[in-house]
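> quick check, what structure comes out for this input:
(2 chains)
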Amino acid sequence: MTTPGSKGPAASKSDEQVQQTLYAKQEKIYPREVHGVFARLRAAGVLGLLGIYYITPWLRWDGHQAVLFDLPARKFHIFFITLWPQDFIYLAFLLIIAGLSLFFFTALAGRLWCGYACPQTVWTEAFLWIERKVEGDRMKQKKLDAMPMNARKLRIKATKQFLWIALAGWTGFTFVGYFTPIIELGQRLVMFSLGPWETFWVIFYGFATYGNAGWMREQVCMYMCPYARFQSAMFDRDTLIISYLPERGEPRGSRKRSADPQALGLGDCIDCTMCVQVCPTGIDIRDGLQYQCIACSACIDACDDVMGKMGYDKGLIKYTTQNAIEGKPSHILRPRIVIYALILLTIFSIFVYSFSQRTSLGLDVIRDRNRLYRETSEGLIENVYILKILNMDEAAHEYELGVRGVPGLQLRMDTDTIRVEAGEVMELPVSLQADEANLKVRSTAITFELMATDVPDLSVEEEARFLGPQ
Amino acid sequence: MADEQIPKKQIPKIHKCIAVLWPSFLTAVVATGLFFSAFDPDELFPFNETLEISPLGIYTIGFFIFWLITAVSGIGTLYFAITNCMQKNPDFRG
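As a prediction, this is how the structure comes out:
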């Protein structure tokens, strides 16, 4: 029995068939709405994550936007933390930690990320929800798409597109709100006076959301997602997967609710194809583990519902492990998990330690590019630098500047005191003078030392070169 | 079946576009982040005083330049992969 939407009983596929399905024009998938434990979990995940995304830029902290990646000022505000460009290393750390966490959770619980937390899943769910509210359930959508264009179809399609575009536009606006103060951005939006670049990003990000969640959907997972391709490398026989139990289900076949499957020689699978109809990627879980499966567990909910109606035990499709299917014991603690966990813990500890040791003082030394050196009237060799002093602290400080590296090196600058306000950058031109006799090579390494006068711990050193004639 | 009319020895255009544009997009994001955390546009482009492009504009242009460069590299990879395949397999149309 083949219902619309299912690809029929798939026997072992030859290369030819695989090629054909790979290169065939993609047919639209109409996932059936599903209710159940995992559907509720996913809805909670979707609502929670969307809530975080849309609400975060509106939060305030200490008189400023709580989370603001202020590009013009080159400062990232994340609640009480202010990050500067030189803190980019922490972002790299965070990315590594995120990547390792993905490895760890994939080995442990399979594609949890895909099914519950991936932005692609989250926004696709939101767009599907709008589609269902406007067009109706799966059968109504199919009928609508099959019928020729008329006033009713146009009205329904236009409503859906309007809502999709509105949500996508709001998503784009929120995205820009992470980089430009969102309240001002909103004021300029309602006055139609957004800057050209802001307008561009609202449209660009909105369009990407609209295209990916409205049209591309499961194809993003199948053709664009690198994780979908390599996640199987993290899998082992103890990884949590969603699987159909063929021993229990086969041979599949339809039967009356009152019939005794054993008498008919049938397994528990009634071949209702519900699991196929609810699948957002349009696969048949009964064919075994497939890379298209994003582990959304919609088929579990659908099958449990059917099993309940038939009066059979639930769990014909369920979260299980390869070992459990084969009747062997499953292990949570195993070398792979322990190694991933240890690496993750080590990197995380280094991150936390180095972040806690982060100094809130920065010093950049820029050589005057116009000339290498100058000879003063007293016969000394002079080099000119511009020092950039970054006070990344919450309070203003005065600093003492020193330099070492060449005997008798003299430091000259125009000011007596170096004072930098909180969160400010000061440019300080300085000149160094040295006796030519003390310069053994053409380029000598020197070190600038900067120390806050009120907090001796607050100090920083920066290397530079002193150039001479030899 | 409609499937049979589609040439099997050919990669669809859309897949080629994805293969070039998507990985290059991701690497361009990383490159833009790295580049602009190391260089302040104000120092990098003193001539900007006359052009007056906003910082967001500079970052945007920078991102697209990176995307262009990484996409060109992607096109090169795809081109060599396809032509190598064509040499070994005359049926393959790229």
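> okay, and for chain B, where does confidence drop off?
Low-confidence segments of chain B, defined by pLDDT under 70: B:1-8, B:47-50.
> for the helix or strand where A:H77 lies, packing partners?
Using DSSP states H and E, the secondary-structure element containing A:H77 is strand A:75-78. With contacts defined as 3 or more Cβ pairs under 8 Å, 6 or more residues apart in numbering or on different chains; DSSP states H and E, strand A:75-78 has these neighbours: strand A:67-70, strand A:81-83. For the C-beta atoms, the positions are set from N, CA and C on the backbone; glycine is no exception.
> quick one: the helix or strand just after the shortest one near chain B?
Sequence order places helix A:88-109 as the next helix or strand after strand A:81-83, per DSSP H and E. Yes. Figure legend: helix A:88-109 in contact with chain B (Cβ under 8 Å from any Cβ of the partner chain); contacting residues A:88, A:91.
> on contacts alone, who are the packing partners of helix A:88-109?
Contact partners of helix A:88-109 among helices and strands, from 3+ Cβ pairs under 8 Å, 6+ apart: helix A:335-356, helix B:13-38.
> check which residues of stretch A:459-470 are buried.
For stretch A:459-470, the neighbour count (16 or more other Cβ atoms under 10 Å in any protein chain shown) marks A:459-460, A:462, A:464, A:466-468 as buried.
> helices of the stretch 151-300 of chain A, residue ranges please.
Applying DSSP state H, counting those that start in this stretch to the stretch 151-300 of chain A gives helices spanning A:151-177, A:182-190, A:196-209, A:218-219, A:226-230, A:246-249, A:261-264, A:274-277, A:298-310.
> how about the residue nearest the centre of chain B: what's its closest non-neighbour residue?
If you average the C-alpha coordinates of chain B and look for the closest C-alpha using Cα atoms, centre = their mean, you land on B:A71, 1.8 Å from that point. Setting aside the residues directly before and after it, B:A71 is nearest to B:S24 in space (Cβ to Cβ, 6 or more residues apart in numbering or on different chains), at 4.1 Å.
> now for A:I165, how many residues are close by?
When counting by other Cβ atoms under 10 Å in any protein chain shown, one arrives at 15 neighbours for A:I165.
> for it, list the residues it contacts.
If a contact means Cβ atoms under 8 Å, 6 or more residues apart in numbering or on different chains, then A:I165 has A:206, A:210 as its contacts.
> how near is it to A:Q141?
Relative to A:Q141, A:I165 is positioned 19 Å away (Cβ to Cβ, to the nearest Å).
> and the pLDDT at A:T376?
According to the model's per-residue confidence, A:T376 sits at a pLDDT of 88.
> pretty sure A:Q410 is one of the things it touches, is it not?
No. The pair A:T376 / A:Q410 is not scored as a contact, 10.3 Å apart, by Cβ atoms under 8 Å.
> looking at the two, which one has more neighbours?
The neighbour count for A:T376 versus A:Q410, taken as other Cβ under 10 Å, is higher for A:Q410 (13 against 10).
> tell me the bridge partners for that one.
When bridges are called by DSSP bridges, A:Q410 pairs up with A:Q433.
> can I assume it is in contact with A:L432?
Yes. Counting by Cβ under 8 Å, a contact exists between A:Q410 and A:L432, whose distance comes to 6.8 Å.
> most tightly surrounded among the helices of the stretch 151-300 of chain A?
Each of the helices of the stretch 151-300 of chain A was given a mean neighbour count from mean count of other Cβ atoms under 10 Å in any protein chain shown, and the largest, a mean of 23, is that of helix A:274-277.
> so which residues of chain B form helices?
Taking DSSP state H to define them, one finds helices in chain B at B:13-38, B:41-44, B:48-51, B:55-88.
> tell me which element A:G45 is part of?
helix A:37-55.
> tell me what that helix is packed against?
Secondary elements touching helix A:37-55 (3+ Cβ pairs under 8 Å, 6+ apart): helix A:119-135, helix A:151-177, helix A:298-310.
> now do the last one and helix A:37-55, the angle between them.
For helix A:298-310 and helix A:37-55, the angle between their directions (axes from the mean of the first three to the mean of the last three Cα atoms, to 10 degrees) works out to 140 degrees.
> what strands flank the helix or strand that comes right after helix A:298-310, and is each parallel or antiparallel?
Per DSSP H and E, helix A:298-310 leads on to strand A:317-320 as the next helix or strand towards the C-terminus. In the sheet containing strand A:317-320, the strands it pairs with under DSSP bridges are strand A:241-244 (antiparallel).
> contacting residues around the partner strand?
When contacts are taken as Cβ under 8 Å, 6+ apart, the neighbours of strand A:241-244 outside the stretch itself are A:110, A:235, A:269, A:275, A:285-286, A:288-289, A:293, A:295, A:297, A:299-300, A:316-322, A:325.
> got it, and stretch A:436-447?
Stretch A:436-447 is contacted by residues A:379-381, A:403-409, A:432, A:461-470 when judged by Cβ under 8 Å, 6+ apart.
> for that stretch, the averaged confidence score.
Model confidence over stretch A:436-447 averages 89 on the pLDDT scale.
> flag every buried residue along it.
By neighbour count on 16+ other Cβ under 10 Å, the buried set for stretch A:436-447 is A:439, A:444, A:446.
> can you put the residues you listed in CSV and add secondary structure?
Compiled in CSV, the buried residues of stretch A:436-447 are given as follows (DSSP: H, G, I helix; E, B strand; the rest coil):
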residue, secondary structure
A:L439, coil
A:T444, strand
A:I446, strand
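> quick check, nearest of the residues you listed to A:M191?
Sorting those by distance to A:M191 puts A:I446 at the head of the list, at 53.8 Å, by Cβ to Cβ.
> rewinding a little: intersection of neighbour lists for A:T376 and A:Q410?
A:Q433.
> and residue 75, how many neighbours?
Reading this off chain A. The local packing count at A:K75 equals 16, with neighbours defined by other Cβ under 10 Å.
> chain B was what I was after
A count of neighbours around B:I75, defined by other Cβ under 10 Å, yields 15.
> how close does B:T27 get to B:L34?
When Cβ to Cβ is the yardstick, B:T27 and B:L34 sit 10 Å from each other.
> A:L71 now?
Taking Cβ to Cβ as the criterion, A:L71 is separated from B:L34 by 15 Å.
> so which of the two has more stuff around it?
Using other Cβ under 10 Å, the more surrounded residue of A:L71 and B:L34 is A:L71, with 18 against 14.
> measure the more buried one to chain B for me?
Plainly put, A:L71 is 5 Å away from chain B if you go by Cβ to the nearest Cβ, to the nearest Å.
> hmm, A:Y178 and that residue touching each other?
No. Counting by Cβ under 8 Å, A:L71 stays clear of A:Y178, with 10.0 Å between them.
> want to throw the helices of the stretch 151-300 of chain A into a markdown table with mean pLDDT?
Below are the helices of the stretch 151-300 of chain A laid out as a markdown table (pLDDT from 0 to 100):
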| stretch | mean pLDDT |
| --- | --- |
| helix A:151-177 | 96 |
| helix A:182-190 | 94 |
| helix A:196-209 | 95 |
| helix A:218-219 | 86 |
| helix A:226-230 | 86 |
| helix A:246-249 | 92 |
| helix A:261-264 | 88 |
| helix A:274-277 | 94 |
| helix A:298-310 | 94 |
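> out of those, which is closest to B:G76?
Distance to B:G76, taken as Cβ to Cβ, is lowest for helix A:226-230 among those, at 19.5 Å.
> hmm, who's touching that closest one?
Contacts made with helix A:226-230 from outside it, assessed by Cβ under 8 Å, 6+ apart, are listed as A:102, A:113-114, A:221-222, A:291-292, A:294, B:23.
> can you flag which of those residues belong to strands?
Judged by DSSP state E, strands contain none of the contacts of helix A:226-230.
> can you select the buried ones among these for me in ChimeraX?
What follows is the ChimeraX syntax selecting those of those that are buried according to 16+ other Cβ under 10 Å:
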select /A:102,113,114,221,222,291,294 /B:23
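> out of the contacts of helix A:226-230, who's nearest A:T171?
Using Cβ to Cβ, A:C221 comes nearest to A:T171 of those, at 19.2 Å.
> pretty sure that closest one contacts A:C114?
Yes. Under the contact definition of Cβ under 8 Å, A:C221 touches A:C114, with a separation of 6.9 Å.
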